[in-house]
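*Asks:* Predicted model and sequence follow; I will ask about them next.
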Amino acid sequence: MPPEPEIEHLVTAGTFELDGGSWEVENNVWIIANDREAVVIDPAHDAPAIAAAVGDRRVLAIICTHAHNDHVNAAPELAELTGAPIFLHPDDLPLWKQAHPGDHPDEELRDGQRITVGGLYLHIRHTPGHSPGGVSVYVPALDAVFTGDTLFQGGPGATGRSFSDFPTIIRSIRERLLVLPPETVVYTGHGPTTTIGEEAPHLEEWVTRGH
């Protein structure tokens, strides 16, 4: 029996561009893998570095939690390097087309969908607000949820730009994330990890601050 998949981490750096603005950012790239198979979550900035981290393991899926360019700009090249399909929720196609005109993801992500790697189930939860097609990836066997830019240590993701909405992201966090077990580790799109238990008590503070 191959070993159970574990979580591997890579930080890549590049540019986030939206609404005419440009910001230098560092992104978390997450890999769920055993010694044979891997899934990549949020292929940011540096496809060769991500491919090197994966090595000779078979990449089953490239999952994009949302389509802001800093989370998907390396996706087509990584797909070419690994032969893996790119998964994206269809509600984020307008953002994807800004990053990759003329290109298209291979597969649609759907709420309730399950993707397997190394015998583990990855549960897709639609968590819009930061973007219309934002998703989180919940892996009960690893006590882990990968939230992209929906939930960070200290609060929700930004909602001040196009395609985003503050009440929607609060609803997603309240109904789709804070219902998870408190020990669930939150693996974010940028910055440090946190847990559901650490963030849950602060929801009402975020609501007040956001208004």
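*Replies:* Received it, and whenever you're ready, just let me know what you need.
*Asks:* where are the low-confidence patches of the protein?
*Replies:* 1-2, 211 (pLDDT under 70).
*Asks:* all helices of it, in order?
*Replies:* Remark: helices assigned in the chain by DSSP state H are 47-54, 69-72, 75-82, 93-99, 166-172, 196-199, 203-210.
*Asks:* Go through the ones you listed and pick out the most buried.
*Replies:* Highest mean neighbour count of the helices of the chain: helix 69-72, a mean of 25 (counted as mean count of other CB atoms under 10 Å). In this view, the C-beta of every residue, glycine as well, is placed from N, C-alpha and C.
*Asks:* Quick one: residues in contact with that one.
*Replies:* 14-18, 25, 27, 42-45, 64-65, 88, 95-96, 98-100, 148-149, 189 (CB atoms under 8 Å, 6 or more residues apart in numbering).
*Asks:* Go again with 6 Å.
*Replies:* The contact list for helix 69-72 (CB atoms under 6 Å, 6 or more residues apart in numbering) reads 16-17, 25, 27, 42, 44, 64, 99.
*Asks:* And stretch 95-112, by the same measure?
*Replies:* By CB under 6 Å, 6+ apart, stretch 95-112 touches 67, 69, 72-73, 76, 85-90, 124, 126, 131, 135.
*Asks:* Now intersect these with the strands, please.
*Replies:* Counted as lying in strands by DSSP state E, out of the contacts of stretch 95-112, are 86-88, 124, 126, 135.
*Asks:* Which of those ranks first by neighbour count?
*Replies:* The most neighbours of any of these, using other CB atoms under 10 Å, belong to residue 135, which has 32 neighbours.
*Asks:* what about residue 7, neighbour count?
*Replies:* 16.
*Asks:* now swap in residue 39 and tell me
*Replies:* Residue 39 has 26 nearby residues by other CB under 10 Å.
*Asks:* Thought residue 32 was touching it, still the case?
*Replies:* Yes - taking CB atoms under 6 Å as the definition, residue 39 is a contact partner of residue 32 at 4.8 Å.
*Asks:* Give me the common contacts of those two.
*Replies:* residue 117.
*Asks:* Residue 125 versus the residue lying closest to residue 145 once chain neighbours are set aside, what's the distance?
*Replies:* Nearest residue to residue 145 in three dimensions, chain neighbours excluded: residue 138, at 4.7 Å (CB to CB, 6 or more residues apart in numbering). The spacing between residue 138 and residue 125, counted by CB to CB, to the nearest Å, is 6 Å.
*Asks:* Residue 152 too?
*Replies:* In terms of CB to CB, residue 152 sits 17 Å off from residue 125.
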